[in-house]
Structures are given as C-alpha cells and as structure tokens.
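>>> would you be able to build a 3D model of this:
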Amino acid sequence: MSLFKFRDWWTCQSCSTPESFDRGSLCVANIDNDPSTQDKILVGSLDGVLRIFSPSSHIHLPHDLLLELNLEYPILQIAFGRFGSTSEPLVGILHPHSFVTYTLRREDSGDASHGSVWTLPKICAVTLEAPSVNFTFGPFGKQSDKDTICVQSLDGLLTFISAGRIAFVRHFSQFLLPGPLCYVPSTDCLVTYSSATVLESYRYQTMAVMGTDSSAGPIEPLPEEGVGKPKPVSTESSRKLSSGGQKLQPNWSITLGQDIIDICTTEPPTPDHQPTKILVLGEQTLFILSDGGDMESQIPFDVPPSCCLPYGKQDGSNFLISTYANALMVFDGPKRVWAARSERVPIALQIGCFSKTPGFIVGLDKTGHLAVSYLGTRAASDALTADTTGSSGMTREEMDDEMRKLEERAKGGGGSGDAVVKRRSTEPSLNLSLTAVSDPDAVKFFPKADMIHAFDKTTPPILHRLQCVVTNLGPSAVRDVHVTFVTPPLVDLGKTYHPAAAQGI
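Okay, here's the model as predicted:
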C-alpha cells in the first residue's frame, strides 16, 4: 500500500448510460490549436459515442462538455496527428470498417448567453474491407510533413493510409490473432506481437517495396475542408498490392513468453536525449528493449498492470504504470521513484495541460469515469491509522471479560474443558506497557550523531524517552524475553543504549 494518494483535480462520469471503453478510447491534445495551450479530452466508446471535454476549473461544470456525437459505429481507437494532405493536425477515428478524419471548429452562436457552438466536420473517410482492430501512426519513411497510418485487421492485414488514400496493403505470413502495434521512429520499423509470444520488428521500407503495383492509380488530393463530401475509398483494388507471393520477414524478433497488453516507445532521440526505448507491457512483466531489439531490463509485478504511458521530453526513460491494485507507479528506467494510490483502475492514461498548468494525468476506467489528477504528496488519511482495538473492534477490557466468560463456560462443561483451563492457567502471561516520558534534558545524553533527523541544522530533533514495562502475570518463570519495536514513518528509534538517559526506567 502506498503512503501517498492520487489526487483528483477534475472528475466526471463521461456517460450517463452504461457504455464500454477500451485502451484506445482516450485521446488528449490541443485539437483546436488553442493559443492558451489548453488541451481537450476526447473519449470514444465502443457504443459509438464521441465526447469532447475541456475542464475549466477543479469543479465539473456543464459547459466543460464541448461536444457529444453519436457516430453510429463502434469507436475502436482515437488519435491526433497529421493525417491529411497538409501538415494540419486532424482527429483520426478508427471504426471496424473505416478510418475517418475530423477537425474541431468553434463557431459563435450569435447570442452571448448561449456561448460558442462546437462542430466536428468530417474531412475524409477511408473504407476498410477487412474488420479492423487497432492502428498506429507516425512519419513512416522518415517523412517530416505528414503521418502515415497503419491499420491492422482481424486476419492480419496491414493497410497503410497516407494523405487520405490507401498506399499499399501487406499481410503477415504467419498470423493467428492480432496483437498490439507500435511504430518506432528511430529505426522506421513496425513492432508487433504475435500469438506465438514473439515480439517482431518489420522495416517500413522493406514492406513498401514488396510487390509494388501501379494498378491502384495515383493518389488523389483530399477535398478542401468543408467543401464537398468525402469520397470513401475501397480496399478491393488495394489487395492486389499485397506482397505478391513474398513473405514478410522481421529484421529482428525476441521471444517473451507471456501475453502482451501494450507496446509503446519513449520520446524520439535527439543529440541531448537518451536513445529510444521500446516498452512492452506484459501481464506479469514490463520489458524494456532498445530500438534494435536488445533486452535491457525487466520489471516484474506482483499484481497485473492495466496500462503504461511514457512521458517527459527531457528524459525519455520516464513512464507511468497503473496496476489492478489501485496503484500508480512512476519509473525512471527500471527504478521506481514514486508510487501513489488511486481510487479507480485506469485502462488508459494521458498527460495534458489544463488551466495553463502542464503535467496533469488524465485517466479513463472501463466504466467511462474520467479524472484529471496529479501525484499528491499529502499522506492518505487511512495510511497511518493503526488498528489499536484489534480486528474484532473490542477493547482490551472487553476481551478480558469475554475470556473470563469462556473460561467459566468451559469449567461448567467439565471433561476436556477442565484440562484446557488448567493447562492455560500454568502458561506464562506477559503484559507490556509503553509510555512516552517527555524530558527536555534527555537531549544531552545523546551524541550528535543520533540527531540526523532534524529538519534543519539549527532546530534540534524531538526526543522522548520510552518507558517499557514487561510484567509476567503467569505462575511460571519466563526467560529470554525479546521485545521488538516497530516505528511508524518519520519516527526513528535510537540504536545506541544510553544508561545515563535510562535512569529510573
């Protein structure tokens, strides 16, 4: 159990009726290019409802919900990137049979009392022939002005979408069930996990040049924003762009031996940053690999983790781990540097900026409860509360009375009960009392080496003498009595015995 508690700054229940959510249901980004860098929270459910929130204070207000739309199809994953023909970022939403891009716009209603009206016009829609599962995106091919999307289907089909059109399609040679998918910018590779418990990496350039075919025709530009209707694109012709008999071969692979929950990467490397790391979150272990596939470290868990989130641009080795024991842990590489207890178990985590304060942690659980929180340094109220009355809730006097009544009942029953009472009466019984005696003069009996817990050099520590009395209430003698002292946090028990300070004890 952690000493500190995960503090909520803003919370709300995103849905009024029961809906289902997954790890891809949360996205936090400045999707409207707000000058104040205020991020928006996008939550999409598997029931097809998209909601956009903008927390304005620590209290949930009705106008924090900017937009709520029913897209009619399950929302499998949400992302924010440069998905169009230009470098303007767009919202990308994956449905089972389509990938659709949107942009958020703000329009004045004309009435100051009604505030602003938010709309989400559709920019482009790409129709997918095979049922999709998840997607990843990034500057495939080292592109600097746009992102390419890679969508994975249930049958192992990889559909690459660039500038709103299907570029090519590839198929895994050995495939059973779809797994997590991640793009590694430093090596321009696609990393996935197979049902054979093997982590595999595929080079994008290798997949792009396999089985090239010009039958798909040129890529047409996207329509202008707000002009005309987006034209769906079918993958029927793009299946001809498959590997053409060639099999995809990974450039490296490694066997992990357990099911994988998620795959993510740390920040891309720069001359001043650490190299990119691949974080593979398993059901029992977090694997940290280099971008070349070398195993660097493993972090085992006693409780299964729920999600993982890399964060921080100054040091790419920082990441958050949430577990099903309501614990949120902060790691710096393989070292855990902080832990806090949360009220709920998030299945998705993001970092956002709200009220001009960066670094808030946004969490979404499986019921749709949304929380903007921070790591608290104030101790939880029940973390330091000791159980002084026993697990049954009885005082010492009540327990003694109960024991006398049981002994009387045992004596009245006769037989084996008398033997039990007789044997118990001959056993030693110890009573321990501990009293704190305030003595300001006790400081002079302790050397300065024991005063290391002062808050500063000028303020001496608070010292107390502890008077411990052990009494034998039984008829038999007791030898070799050992007393163990367990101190709470911020309290230290002197390890040196000082006879001068113990006079009269």
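>>> what's the first-to-last distance across stretch 9-24?
Stretch 9-24 has an end-to-end distance of 23 Å (Cα to Cα, to the nearest Å).
>>> what comes into contact with it?
Stretch 9-24 is contacted from outside by 43, 45-47, 49, 51, 53, 55, 57-60, 64, 76-78, 94, 134, 261-262, 307, 347-348, 354, 360, 364-374, using Cβ atoms under 8 Å, 6 or more residues apart in numbering. Where C-beta positions appear, they are placed from N, C-alpha and C, glycine not excepted.
>>> buried residues, it. List them.
Residues 9-12, 14-15, 19, 21-24 are the ones in stretch 9-24 that count as buried (16 or more other Cβ atoms under 10 Å).
>>> pull the longest helix from the chain.
The residue-count maximum for a helix in the chain (DSSP state H) belongs to helix 396-413.
>>> other SSEs contacting it?
If you count contacts as 3 or more Cβ pairs under 8 Å, 6 or more residues apart in numbering; DSSP states H and E, helix 396-413 packs onto helix 416-425.
>>> just checking, next helix/strand downstream of the helix it packs on?
Once helix 416-425 ends, the next helix or strand along the chain (criterion: DSSP states H and E) is strand 430-437.
>>> element containing the closest residue to His58 other than its chain neighbours?
Excluding the flanking residues, the one nearest His58 by Cβ to Cβ, 6 or more residues apart in numbering is Trp9, at 5.2 Å. With secondary structure defined by DSSP H and E, Trp9 is part of strand 4-13.
>>> ok, now Gln467?
Here Gln467 sits within strand 465-472, counting by DSSP H and E.
>>> each with direction, which strands does that strand pair with?
Strand 465-472 has the following strand partners under DSSP bridges: strand 430-437 (antiparallel).
>>> so where do the strands sit in the stretch 151-300 of the chain?
With DSSP state E, counting those that start in this stretch as the definition, the stretch 151-300 of the chain shows strands at residue ranges 157-162, 165-171, 181-184, 189-193, 198-203, 252-255, 260-265, 277-282, 285-290, 295-300.
>>> report the buried residues of the last one.
Okay, so that is strand 295-300. Neighbour-count burial for strand 295-300, counted by 16+ other Cβ under 10 Å, picks out Ile299.
>>> next structured bit after that strand?
Next helix or strand after strand 295-300 toward the C-terminus (DSSP H and E): strand 305-310.
>>> packing partners for that following strand?
strand 260-265, strand 277-282, strand 318-323, strand 348-354.
>>> just the CA trace of it, in CSV.
Taking C-alpha atoms only, strand 305-310 is exported to CSV below (Å, rounded to 0.1, in the frame of the first residue of the first chain):
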residue,chain,number,x,y,z
PRO,A,305,-0.7,-4.0,-14.7
SER,A,306,-3.6,-2.2,-16.5
CYS,A,307,-1.8,0.3,-18.7
CYS,A,308,1.5,2.1,-19.4
LEU,A,309,2.4,5.6,-20.5
PRO,A,310,5.8,7.1,-21.4
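>>> list the contacts for Met329?
Applying Cβ under 8 Å, 6+ apart to Met329 gives the contacts 320-323, 336, 338-339.
>>> again, only this time at 7 Å
By Cβ atoms under 7 Å, 6 or more residues apart in numbering, the residues touching Met329 are 321, 336, 339.
>>> give the bridge partners for it, please.
Taking DSSP bridges as the rule, Met329 bridges to Ile321, Ala339.
>>> and it, how close does it get to Thr159?
As judged by Cβ to Cβ, to the nearest Å, Met329 and Thr159 stand 36 Å apart.
>>> kindly report the same for Val469.
78 Å.
>>> the two: which is more packed in?
A count of neighbours by other Cβ atoms under 10 Å puts Thr159 above the other of Val469 and Thr159, at 25 against 10.
>>> could you find the closest non-adjacent residue to the more buried one?
Per Cβ to Cβ, 6+ apart, closest to Thr159 is Val151, 4.5 Å.
>>> so which residue is smack in the middle of this protein?
Centroid-nearest residue in the chain: Ser322, 3.7 Å away (criterion: Cα atoms, centre = their mean).
>>> model confidence for it, exactly?
In this model, Ser322 is scored at 94, pLDDT.
>>> does it touch Cys307 like I think?
Yes. Under the criterion of Cβ atoms under 7 Å, Ser322 makes contact with Cys307 at 5.2 Å.
>>> give the residues shared as contacts by those two.
Jointly contacting Ser322 and Cys307 under the rule Cβ under 7 Å, 6+ apart are 346, 349.
>>> tell me the spacing between the residue nearest to His58 and Leu50.
Distance of Trp9 to Leu50, given as Cβ to Cβ: 23 Å.
>>> now do Phe21
12 Å.
>>> need the phi and psi values for the nearest residue to Asn472 once chain neighbours are set aside.
Distances taken as Cβ to Cβ, 6+ apart place Val478 nearest to Asn472, at 5.0 Å, with adjacent residues excluded. Val478 adopts backbone torsions of phi -120, psi 130, taken as degrees, to the nearest 10.
>>> next, count neighbours for Val478.
Using other Cβ under 10 Å, Val478 has 11 neighbouring residues.
>>> what is the burial count for Asp294?
For Asp294, the count of nearby residues is 10 (other Cβ under 10 Å).
>>> scratch that, Phe80 is what I was asking about
The burial count for Phe80: 20, using other Cβ under 10 Å.
>>> also the one 10 residues further on?
Burial of Leu90, expressed as a neighbour count using other Cβ under 10 Å, amounts to 24.
>>> hey, what's it bridged with?
Applying DSSP bridges to Leu90 gives these bridge partners: Gly81.
>>> pLDDT score assigned to it?
Looking at Leu90, its pLDDT is 93.
>>> now do the same contact list for it.
Counting by Cβ under 7 Å, 6+ apart, Leu90 makes contact with 83-84, 101-103, 123.
>>> now the contacts of stretch 9-24: which count as buried?
By neighbour count, with 16+ other Cβ under 10 Å, the contacts of stretch 9-24 hold 43, 45, 47, 49, 51, 53, 55, 60, 64, 76-78, 94, 134, 261-262, 307, 347-348, 354, 360, 364-366, 368-373 as buried.
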